[in-house]
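Visitor: I would like the atomic coordinates for the input below:
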Amino acid sequence: MKCPYCTFSDSKVTDSRVVENGIRRRRECQRCGLRFTTYERIQATALMVSKQDNRREEFDREKLISGIRKACTKRPIPSRTIEKMVEDIEAELQHLGQVEVPTTILGSMVMERLKALDRVAYIRYASVYTDFQDIDSFEQAVKDLREDGQLPLPESTPSPIRRRRRRNTTTAARYRPRNTNPYPNDIRPPDADDPGGAA
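Guide: Prediction:
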């Protein structure tokens, strides 16, 4: 396994853990000493994706993850959630037993999961996947989401936020110290007239 930092090909496994659908290995490069993580998964039967222009290509999970990540940019969705979504899609496709799946089915599976996960990510993905031709078709997709109960319609005009008024005070008054006693804990130095030093 090549080190991603120095490309040295020899590494030592320092930790192995069974994770869902594979094994997670922590490795240490024998040259630079830096550590990195690798995942080992079972290579299932090659799944082919048929495009709309009749081209066929092998299913690429990283390409699918990348597309979903773009749709989820700046959304509060953890990276692990996206990876889990793709794992679920892969498992469902394997369960169906198909060796070839059209992009329309694959895209629908992603959109179905994004719709339940995050509405904004769903619209972003749909805008690329469904290729909206004009603003009307885009508005229709948002309208459909609202009718499905996914996007709440405002019931009334929100009332303005009331803010408390600040008292009009000068800057000097605002930053004036509250304790005007110059002596901490009210301990005063002895008077010069007092020879014993006692108060």
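Visitor: tell me the mean pLDDT over the helix or strand harbouring Val101?
Guide: Using DSSP states H and E, Val101 maps to strand 100-102. The pLDDT scores in strand 100-102 average 89.
Visitor: so which elements touch that strand?
Guide: Packing partners of strand 100-102 (3 or more CB pairs under 8 Å, 6 or more residues apart in numbering; DSSP states H and E): strand 48-50. Backbone N, C-alpha and C define where each C-beta goes, glycine included.
Visitor: check which residues of the strand it packs on are buried.
Guide: Neighbour-count burial for strand 48-50, with 16 or more other CB atoms under 10 Å as criterion, is recorded at 49-50.
Visitor: burial count for Glu87?
Guide: Neighbourhood size, Glu87 [other CB atoms under 10 Å]: 16.
Visitor: measure it to Tyr39 for me?
Guide: Separation of Glu87 from Tyr39 (CB to CB, to the nearest Å): 11 Å.
Visitor: would you map out the domains in the protein?
Guide: Domain assignment for the chain by automatic domain parsing gives 1-42, 45-147.
Visitor: a markdown table for these, including distance to Pro190?
Guide: Formatted as a markdown table, the domains of the chain follow (distance: least, CB to CB, whole Å):
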| stretch | distance to Pro190 |
| --- | --- |
| domain 1-42 | 67 |
| domain 45-147 | 65 |
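Visitor: output the below-cut-off pLDDT ranges for the chain.
Guide: 43-45, 149-189, 191-199 (pLDDT under 70).
Visitor: strands of that one, residue ranges please.
Guide: With DSSP state E, the ranges of strands along the chain come out as 11-19, 22-29, 35-40, 48-50, 56-58, 100-102.
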